[in-house]
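A.B. asks: Sequence first, then the predicted structure, then my questions.
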Amino acid sequence: MVITSAPGKVILFGEHAVVYGEPALAGAIERRVYVEMEEGRRDGLTISSEGVEDGDEYALRYLRKAVEVALVHLGADRDRGLEVRVASHIPMASGLGSSAAVSVATILAVSRLLGAELSGEALAGLGHQVELQVQEAASPTDTLTSALGGVLYIEPGRGYKRIAASLPLVVGCTGDPRATKEMVRGVRDLRDRYPRIVDPLIKSIGEVTREAKVCLEERRDIGELMNINHGLLEALGVGTKGLSHLVHAARAAGASGAKITGAGGGGSMIAYAPREVERVVRAIEGLGCTAFQVSIAVEGARVEKKGLL
Ligand code: MEV
């Protein structure tokens, strides 16, 4: 039997624009998906899941595709019998990278069970294939961050750079589920209708992200840039009333910046709160939503010694 885990993520800057080749800044968070896998007694997959109730079918689509992609990559029979248990400590469909974490942890589990060693990059690449097949359009951001851990500056098609940053971040979850696929499609449709307006917005998000990288490297405050990024995401149509409430409550409570994180349309926001972290958490909770301080997961996907299942 093999047990693996992979962390969720927050996108600090650049979501949606990264689908069009602009850079993104993302950090892995200490909330993980755990996968326990063993040889099955019969052909095909047998799955049981814990803590994935909310978005069960959604998450399990990624899991099934991840098993298939890994078996094909490793030259194994795609009908091989496998028993899989999955448990998530990342809220599902919340914009916090649960589907990428499910994909990456599953691929790592299949590879270890078959005695193969995959590099973090290879793991991320296969995870990206899973996302592309399940949700049609996807950037490498989520799977790369989950596979490698830490804070990454990702330039699609050009590679990534690790950023050493300490980030006093608060995550607020609206509790409204959203599907990345629909949100990515919505931005694409808007761009098709208004290319001369939407393309500059996408490019501006890219500029904000480049500037934020420099700020992080120089340990300067990224709050204002987060606010600009939030406004640009609103212009792309991925904001909601619920997200706006949380963003404004966080700023009013002392966060130096706040924005949507991930695909939007529901899901989560992040606040940069070098001061007043507790007040920011309480302000979001005061609106009846879940809030927590996040710490960056230094380690990405890994093999676990014992399961949490
Ligand atoms: C989703 O976490 C981030 C998006 O930019 C989609 C992607 O990068 O694949 C919305």
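C.D. replies: Sure, I can see it. Model, not experiment: these values are computed from the prediction.
A.B. asks: what number of residues lie near residue 149?
C.D. replies: When neighbours are counted by other Cβ atoms under 10 Å, residue 149 registers 23. All C-beta spots, glycine's among them, are computed from the backbone N, C-alpha and C.
A.B. asks: Where does the prediction get shaky in the stretch 151-300 of the chain?
C.D. replies: For the stretch 151-300 of the chain, not a single residue meets the criterion pLDDT under 70.
A.B. asks: give me that answer again for 80
C.D. replies: For the stretch 151-300 of the chain, applying pLDDT under 80 flags the ranges 166, 178-179.
A.B. asks: Could you tell me which residues of it lie near the ligand?
C.D. replies: Residues of the stretch 151-300 of the chain found near the ligand (Cβ under 6 Å from any ligand atom) are 180, 184, 262-263.
A.B. asks: Just send the residues you listed back as TSV, with secondary structure too.
C.D. replies: Shown next, in TSV, are those (DSSP: H, G, I helix; E, B strand; the rest coil):
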residue	secondary structure
180	helix
184	helix
262	coil
263	coil
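A.B. asks: Quick check: the two most widely separated of these?
C.D. replies: 184 and 262 (10.9 Å; Cβ to Cβ).
A.B. asks: who's more crowded, these two?
C.D. replies: Between residue 184 and residue 262, residue 262 has the larger neighbour count (other Cβ under 10 Å), namely 28 against 20.
A.B. asks: How about the contacts made by that one?
C.D. replies: Neighbour list for residue 262: 10-11, 15, 94-97, 180, 268 [criterion: Cβ atoms under 8 Å, 6 or more residues apart in numbering].
A.B. asks: are any of those residues buried, and which?
C.D. replies: 10-11, 15, 94-97, 180, 268 (16 or more other Cβ atoms under 10 Å).
A.B. asks: ok, now how distant is residue 177 from the ligand?
C.D. replies: Counting by Cβ to the nearest ligand atom, to the nearest Å, the separation of residue 177 from the ligand is 14 Å.
A.B. asks: Run a quick check on that residue versus residue 266, I expect a contact.
C.D. replies: Yes. In this structure, residue 177 is within contact of residue 266 by Cβ atoms under 8 Å, at 5.9 Å.
A.B. asks: Looking at the two, which one has more neighbours?
C.D. replies: residue 266 (22 against 16).
A.B. asks: What strand or helix carries the more buried one?
C.D. replies: Residue 266 belongs to no helix or strand when assigned by DSSP states H and E.
A.B. asks: domain ranges for this structure?
C.D. replies: 2-164, 169-294 (automatic domain parsing).
A.B. asks: any chance of these in TSV, with distance to residue 303 too?
C.D. replies: What follows is the domains of the chain, written out as TSV (distance: least, Cβ to Cβ, whole Å):
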stretch	distance to residue 303
domain 2-164	5
domain 169-294	24
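A.B. asks: Out of the ones you listed, which gets nearest to residue 306?
C.D. replies: Judged by Cβ to Cβ, the one of the domains of the chain that comes nearest to residue 306 is domain 2-164, at 6.8 Å.
A.B. asks: now, of the domains of the chain, which is deepest in the fold?
C.D. replies: domain 2-164 (a mean of 22; mean count of other Cβ atoms under 10 Å).
A.B. asks: how long is it end to end?
C.D. replies: Across domain 2-164, the terminal residues are separated by 31 Å (Cα to Cα, to the nearest Å).
A.B. asks: Next up, identify which helix or strand the closest residue to residue 228 other than its chain neighbours is on.
C.D. replies: The shortest distance from residue 228 to any non-neighbouring residue, by Cβ to Cβ, 6 or more residues apart in numbering, is to residue 208 (5.4 Å). Assessed by DSSP H and E, residue 208 sits inside helix 195-217.
A.B. asks: got the contact list for that helix?
C.D. replies: With contact meaning Cβ under 8 Å, 6+ apart, helix 195-217 is reached by 12-14, 16-17, 20, 22-25, 151, 153, 163, 165, 187, 190-191, 221-222, 225-226, 228-229, 232-233, 235-236.
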